[in-house]
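1. Got a predicted model here, sequence first, then my questions.
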Amino acid sequence: MECHSKDSWPKRSQIKERNACRKKSKPWKASTSTGVSMNEIVTRFPPSPTGHLHIGGARTALLNWLYARHHQGKFILRIEDTDTERSSREMTDSILQAMDWLGLHWDEGPYFQSTRFELYHQHIDWLLEKGLAYYCSCTPDEVEAMRQKAWNAGEKPKYDGSCRELGLGPGPGRVVRLKAPLSGQTVYQDLIKGQNAVDNRELDDFVLRRADNTPTYNLAVVVDDALMGINTILRGDDHISNTPKQVLLYQALQFERPSFAHVPMILGPDKKRLSKRHGAMSVLEYKARGYLPGALINYLVRLGWSSGDQELFTREELIEKFTLNSMGKSACVFNQEKLDWVNGRHLKQIPPSDLAAELRTRLRNRGLPGVDEAYAEKIVPLLQPRSQTLEQMAEQAVFFAQETEDIPYDPEMLDKFFTTELKQYLRDLLGRLERLQDFSQAAQEELLAEFLQEKDIKFKRIAQPIRIALTGKKASPGLFETMEVLGRDRTTARLRRALTQAEGSGKQTASAST
RNA sequence: GUCCCCAUCGUCUAGCCCGGUCCAGGACACCGGCCUUUCACGCCGGCGACGCCGGUUCAAAUCCGGCUGGGGACGCCA
């Protein structure tokens, strides 16, 4: 407790001052922390650094961010690393990196729970002092037996309260449990699901402090959320059954209760909770695969949320339109195809100059370094309509980047398209292209039209052979735009080489067919 | 097993709160067509859903109940 005064415990009334004090001594982000209004919405995203930021977590973060932004509130990032065994610095970095890439910038934090243990202990001690919590000496095995017993009796598995009235003091192997109410109901209002009430008999005296002297999740979240002034807890509905416990803690600690909003979860195609089994679920993996942050956000927000019939949104539109009223209640299935489509649509909207660097990097990763900025910028617009991801774009840009002698020609294709007659045409055309003054699309088209008329053939006949010569593939962007971007040198060199290759491999077939 | 949450096309959803305008609208995917130098893009069209049973009502996707189905939680994980 950085700024805590010596006298131990915290009257609730001191909390405001404590917060004020924190702000002074730790100006995480001084600019936004000032001039805060009383009703300001404060949300948070509390990832546990035990893995990469995955799709599900990203959506939770996104929703919290959007909600805060929409209401001009504050979005706090808190790293829940109380599980020192499974938490790691690498994962923390990875999560921050993913958040940053998605553009989900936080106003405060990141706070680390591992640096706040003393705070949690003060609150636990206070509960102990007030008789709202107690020491328990039951071993994990004994508790397990109690659960088993309850299960067998057709009841909800829970701790039976053996130590509740024993008045035990601290000791090795002892945990601290909350003295939860034995009857009545715990009721709370959910911004999305409406009112929820749970019979207190369903709840048990859950652990607040473990035998190893570390605080548990439920205790730490409540203390942090309350002290950080978080007033809107927006999270996955897998937390619904935790909520009554936390409400109990808010009450016991005399904290003001926040609003809860439980959003439906994202399911895999098998309708099971999203997990590693479902493939690449890490946000950074999507980045690597060529998805755009704006598109991912667009897709993610549409999972459970909608605004009329609109499918595509800019970041600004989302901030403007996002409300919890239009949030659905039921779980939804993650659909890769739709994401691809959304990504494709976003991709087409981006100015080519913004994509050029990305394309160059991805080409370089494929061992094709020979594409400069200007060339890349010309390639991009040809590929934008044909790509759903940046990787697809790079994939299709390969022939632009390859050296002429590296363009692979499939002998079968050469045989099929480079007949003797066609070769004659192509040789003729090659000469004309070499002499063409202005190597622009328009000039090429004009030249071609003349040529076709002269030879009295249809464009269809020579289009595919040319395409194969230039790209090595049977699918590519339009011929003229491709030639213009490739430039005269590459275009003519490739035609020449294809002709030569066809001479070698296609000979027999060509002569045989004549 | 117990508790909680949820329920419109294969998927994401609009409509449901404030019953009639819904023989249910949009999007992805799929199928067909148009455009066309290939592949895409784009455009047009098609396929396709109110889980079931009761109740309330002149009238129910919309309100109520039950059932079924799906999901989640039941940790000294978060």
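-> In hand now; what should we look at?

2. Every contact and neighbour count from this point should use C-alpha atoms.
-> OK.

3. Counting neighbours, what do you get for whichever residue of chain A sits closest to RNA strand B?
-> Closest contact between chain A and RNA strand B, by CA to the nearest atom of the strand, is at A:Gly304 (2.5 Å). By other CA atoms under 10 Å, the residues close to A:Gly304 number 18.

4. Now do the SS call for A:Gly56.
-> Secondary structure for A:Gly56, judged by DSSP: H, G, I helix; E, B strand; the rest coil, is helix.

5. And the contacts of stretch A:347-356?
-> With CA atoms under 8 Å, 6 or more residues apart in numbering as the test, stretch A:347-356 has contacts from A:292, A:373, A:376-378, A:380-381, A:384-385, A:387-389.

6. OK, contacts around the residue of chain A closest to RNA strand B?
-> Contacts of A:Gly304 by CA under 8 Å, 6+ apart are A:263-264, A:327-332.

7. got JSON lines for those residues, with distance to A:Gly131 too?
-> Compiled in JSON lines, those are given as follows (distance: CA to CA, whole Å):
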{"residue": "A:Val263", "distance to A:Gly131": "35"}
{"residue": "A:Pro264", "distance to A:Gly131": "37"}
{"residue": "A:Met327", "distance to A:Gly131": "41"}
{"residue": "A:Gly328", "distance to A:Gly131": "41"}
{"residue": "A:Lys329", "distance to A:Gly131": "39"}
{"residue": "A:Ser330", "distance to A:Gly131": "40"}
{"residue": "A:Ala331", "distance to A:Gly131": "41"}
{"residue": "A:Cys332", "distance to A:Gly131": "44"}
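
8. Give me the PyMOL select line for those residues, limited to the buried ones.
-> A single PyMOL command selects the buried members of the contacts of A:Gly304 (16 or more other CA atoms under 10 Å):
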select buried, chain A and resi 263+264+327+328+331+332
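
9. Please list which of the contacts of A:Gly304 also come close to RNA strand B.
-> By CA under 7 Å from any atom of the strand, the members of the contacts of A:Gly304 lying near RNA strand B are A:327-332.

10. returning to what we had before: now the residue of chain A closest to RNA strand B. Its backbone dihedrals?
-> phi 100, psi -10 (degrees, to the nearest 10).

11. likewise the one 10 residues further on?
-> The phi and psi values for A:Thr314, taken as degrees, to the nearest 10, are phi -90, psi 170.

12. That one contacts A:Asn298, correct?
-> Yes - with contact defined as CA atoms under 8 Å, A:Thr314 reaches A:Asn298; the gap is 7.5 Å.

13. Comparing the two, which residue is more hemmed in?
-> The neighbour comparison of A:Thr314 against A:Asn298 (other CA under 10 Å) goes to A:Asn298, with 22 against 13.

14. Confirm that the more buried one sits in a strand.
-> No - secondary structure of A:Asn298 (three-state DSSP): helix, not part of a strand.

15. wait, it sits on A:Leu312?
-> Yes - with contacts defined as CA under 8 Å, A:Asn298 counts as touching A:Leu312 at a distance of 6.7 Å.

16. any common contacting residues for these two?
-> Taking CA under 8 Å, 6+ apart as the contact rule, A:Asn298 and A:Leu312 both touch A:Val342.

17. how about the helix ranked longest in chain A: buried residues?
-> In chain A, taking DSSP state H as the definition, the longest helix is helix A:479-505. Using 16+ other CA under 10 Å as the test for burial, helix A:479-505 gives A:479-486, A:488, A:490-499, A:501-503.

18. now do stretch A:230-238
-> For stretch A:230-238, by 16+ other CA under 10 Å, it's A:230-237.

19. which residues sit against that stretch?
-> A:41-44, A:60, A:63-64, A:225, A:257-265.

20. Then stretch A:484-500?
-> Contact with stretch A:484-500 is made by A:375, A:378-379, A:400, A:404-405, A:409, A:418, A:423, A:426-427, A:430, A:433-434, A:439-441, A:466, A:469-470, A:483, as judged by CA under 8 Å, 6+ apart.

21. mean confidence for it?
-> Mean per-residue pLDDT for stretch A:484-500: 93.

22. same thing with stretch A:405-412?
-> Computed over stretch A:405-412, the average pLDDT equals 90.

23. now the end-to-end length of it.
-> End-to-end span of stretch A:405-412 (CA to CA, to the nearest Å): 18 Å.

24. what's the answer for stretch A:321-332, then?
-> 21 Å.

25. Off-centre distance for that stretch?
-> In terms of CA atoms, centre = their mean, to the nearest Å, the gap separating the centre of stretch A:321-332 from the centre of its chain is 18 Å.

26. Just give the nearest non-adjacent residue to the residue positioned nearest the centre of chain A, would you?
-> For chain A, the residue nearest the mean C-alpha position is A:Val283 (3.8 Å; CA atoms, centre = their mean). Among residues not flanking A:Val283 along the chain, A:His54 sits closest, at 5.3 Å (CA to CA, 6 or more residues apart in numbering).

27. Specify the beta-bridge partners of the one you found.
-> A:His54 forms beta bridges with A:Ser282, as assigned by DSSP bridges.

28. for it, what are its contacts?
-> Neighbour list for A:His54: A:281-283 [criterion: CA under 8 Å, 6+ apart].

29. cool, and A:Leu390?
-> With contact taken as CA under 8 Å, 6+ apart, A:Leu390 is in contact with A:289-291, A:358-359.

30. about what we covered before: can you tell me which of the contacts of A:His54 is nearest A:His70?
-> The closest of these to A:His70 turns out to be A:Val283 (CA to CA; 23.5 Å).

31. Is it correct that the closest one is in contact with A:Leu96?
-> No - here A:Val283 does not reach A:Leu96: they are 11.1 Å apart, not a contact under CA under 8 Å.

32. sorry, back to before: which among the contacts of A:Leu390 end up buried?
-> The buried subset of the contacts of A:Leu390 - by 16+ other CA under 10 Å - is A:290-291, A:358-359.

33. among these, which two are most distant?
-> Distance extremes for the buried ones among the contacts of A:Leu390: the farthest pair is A:Tyr291 and A:Leu359 at 12.5 Å, using CA to CA.

34. roughly how far apart are A:Ala469 and A:Arg494?
-> According to CA to CA, A:Ala469 stands 6 Å off from A:Arg494.

35. Count the neighbours of A:Gly169 for me.
-> Counted by other CA under 10 Å, the residues lying close to A:Gly169 total 12.

36. again with the one 4 residues further on
-> Residue crowding around A:Gly173 was assessed by other CA under 10 Å; the count is 15.

37. Quick check, it in contact with A:Ala211.
-> Yes - with contacts counted by CA under 8 Å, A:Gly173 reaches A:Ala211, the gap being 4.8 Å.

38. Break down the stretch 151-300 of chain A into its strands, ranges please.
-> A:175-178, A:185-190, A:194-199, A:207-209, A:232-236, A:259-263, A:266-267 (DSSP state E, counting those that start in this stretch).

39. Is any residue of the first one near RNA strand B?
-> Yes - for strand A:175-178, a contact with RNA strand B is found by CA under 7 Å from any atom of the strand, at A:Val175.

40. for the record, mean pLDDT for that strand?
-> What strand A:175-178 shows for mean pLDDT is 97.

41. Could you list the residues in contact with that strand?
-> Residues contacting strand A:175-178 (CA under 8 Å, 6+ apart): A:124, A:132-137, A:205-211, A:213.

42. go on, the fourth one?
-> Outside strand A:207-209, the residues within contact range by CA under 8 Å, 6+ apart are A:124, A:175-178, A:215-216, A:218-219.
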